[in-house]
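> Provide a 3D model corresponding to the input given below.
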Amino acid sequence: MHDQAIQFVKQVCVEAAKLDFPKANGIIGPSILVATTFGISEVVEEIPTVFPEAIYVKNEMNQNVFHVAIANRHKNVFNLIYQFHDEFIGQINLSSQDLTGNSGLDLVSCLNSEQELNLRGDAAGATLQLQPLVVTIVFAADITVPGGSNDNNGLPKLSKDKAFPIFIISDALALYSSTSSLLIFSSILTSRNVEVDFLHALPKRLIDGLITLFSSIISTMIAFGATLYLEFGHNKAWILVPVIVFSCIPVTLFMSSQFPLLLDMIESSYGHSVFGQKSDRILY
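Numbering: from 1, shown residues only. Below you'll find the model as predicted:
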């Protein structure tokens with residue numbers, strides 16, 4: 001269906017290109033601008049092969065196709081510029097200004113500050129509401145160990161149980177990681193509101209915060225499972241099955257909701273650049 005739609009668009013452009021220039025430009029020009037606005041790079045890629053003049057079309061704001069791609073943050077459309085000959089690239093003046101006085105570089109720097117701040121605040125704020133609860137739980141569990149303490153020497157009564165070291169290690173890791181996550185997300189909320197922070201510092205802090213948050217959730221579930229086993233699981237190995245199953249629920253919920261964001265942040269911060277030639281096809 002997708003390939004058929006692209007072929008249909010190409011055929012429409014072929015028929016429209018047979019008309020005189022004003023009519024053809026009036027049909028194809030707005031189409032490529034709309035496709036650019038919505039980030040439909042396949043359509044934008046096909047039109048210049050049939051009607052090259054469409055790439056020079058400008059909208060009511062005096063913005064060409066690549067200005068519109070920049071303004072709408074469609075890197076897939078902007079990357080098509082690498083598939084044109086050098087002579088054509090020289091004719092596309094990204095430094096030209098639109099009706100508001102913005103050039104291509106100005107459009108790049110015009111970040112939606114309110115949207116970025118809201119996104120940052122929502123992610124960090126939601127975590128800050130969760131993390132004190134996690135810190136409180138694991139700290140209380142560390143003080144009141146399962147089985148209580150021996151009245152004679154003060155040592156935990158279940159200290160010789162094989163599951164006890166698992167409880168101690170996971171509980172300590174949960175406390176350290178949840179506290180670290182709390183501090184990291186606090187630093188995000190209190191950071192400077194400048195563009196360079198959104199490019200480098202804040203994405204890396206968000207990555208660190210999500211990783212430590214994920215670590216604290218896993219460690220808390222392990223500590224909780226070890227506690228249940230220490231209290232009720234002696235000679236009852238079957239109790240591990242429901243403990244493991246139910247412990248996987250919060251981990252799975254976190255993975256499904258936050259892991260895609262974490263992957264995107266890692267890719268954008270440490271991966272290859274999103275800009276560059278993606279195809280060897282020459283358009284014009």
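
> Could you chop this protein up by domain?
Domains of the chain are assigned by automatic domain parsing as 2-109, 113-269.

> mean pLDDT for these: which is lowest?
Least confidently modelled of the domains of the chain is domain 113-269, at a mean of 74 by mean pLDDT.

> quick one on the thing from earlier: include mean neighbour count when you put the domains of the chain into JSON lines, please.
All C-beta spots, glycine's among them, are computed from the backbone N, C-alpha and C. Rendered in JSON lines, the data for those read as follows (neighbours: other CB atoms under 10 Å):
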{"stretch": "domain 2-109", "mean neighbour count": "16"}
{"stretch": "domain 113-269", "mean neighbour count": "16"}
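
> Grab the nearest non-local neighbour of Ala16.
The spatial neighbour of Ala16 that comes closest, neighbours along the chain excluded (CB to CB, 6 or more residues apart in numbering), is Ile27 at 4.5 Å.

> ditto for Ser41
Closest residue to Ser41 in three dimensions, ignoring its sequence neighbours and counting by CB to CB, 6+ apart: Asn76, at 4.2 Å.

> which SSE is that neighbour in?
Taking DSSP states H and E as the definition, one finds Asn76 inside helix 75-78.

> Dihedrals phi and psi, Gly101?
Comment: the main-chain dihedrals of Gly101 come out as phi 90, psi 10, following degrees, to the nearest 10.

> Asn93 versus that one, what's the distance?
In this structure, Gly101 and Asn93 are separated by 15 Å, where distance is defined by CB to CB, to the nearest Å.

> next one: Ser180
In this structure, Ser180 and Asn93 are 49 Å apart, going by CB to CB.

> now the helices for this structure?
Ranges of helices within the chain are 2-17, 21-37, 41-50, 65-71, 75-78, 86-91, 104-109, 113-143, 163-189, 195-196, 202-232, 240-270, based on DSSP state H.

> between those helices, which one is nearest to Asn59?
The closest approach between Asn59 and any of those, judged by CB to CB, belongs to helix 21-37 at 5.3 Å.

> Can you spell out which helices and strands pack onto that closest one?
Using 3 or more CB pairs under 8 Å, 6 or more residues apart in numbering; DSSP states H and E as the contact criterion, the secondary-structure elements in contact with helix 21-37 are helix 2-17, helix 41-50, helix 65-71.

> Distance to Leu230 for those helices - can I get that in TSV?
What follows is these, written out as TSV (distance: least, CB to CB, whole Å):
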stretch	distance to Leu230
helix 2-17	56
helix 41-50	57
helix 65-71	59
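
> Nearest to Thr252, out of those?
Each of the helices and strands packed on helix 21-37 has some distance to Thr252 by CB to CB; the shortest is helix 2-17, at 31.9 Å.

> which helices and strands sit right next to the closest one?
The contact analysis (3+ CB pairs under 8 Å, 6+ apart) places helix 2-17 against helix 21-37, helix 41-50.

> Report the angle between the longest one and helix 2-17.
Just to be clear, that refers to helix 21-37. Here helix 21-37 points in a direction 150 degrees away from that of helix 2-17 (axes from the mean of the first three to the mean of the last three CA atoms, to 10 degrees).

> rewinding a little: distance check, the residue nearest to Ala16 against Thr37.
Per CB to CB, Ile27 is found 17 Å from Thr37.

> what does Asn72 give?
Here the distance between Asn72 and Thr37 works out to 6 Å (CB to CB).

> Lys160 too?
For Lys160, the distance to Thr37 equals 68 Å [CB to CB].

> What of Ala174?
Ala174 sits 47 Å away from Thr37, taking CB to CB as the criterion.

> for Ala172, same thing?
When CB to CB is the yardstick, Ala172 and Thr37 sit 53 Å from each other.
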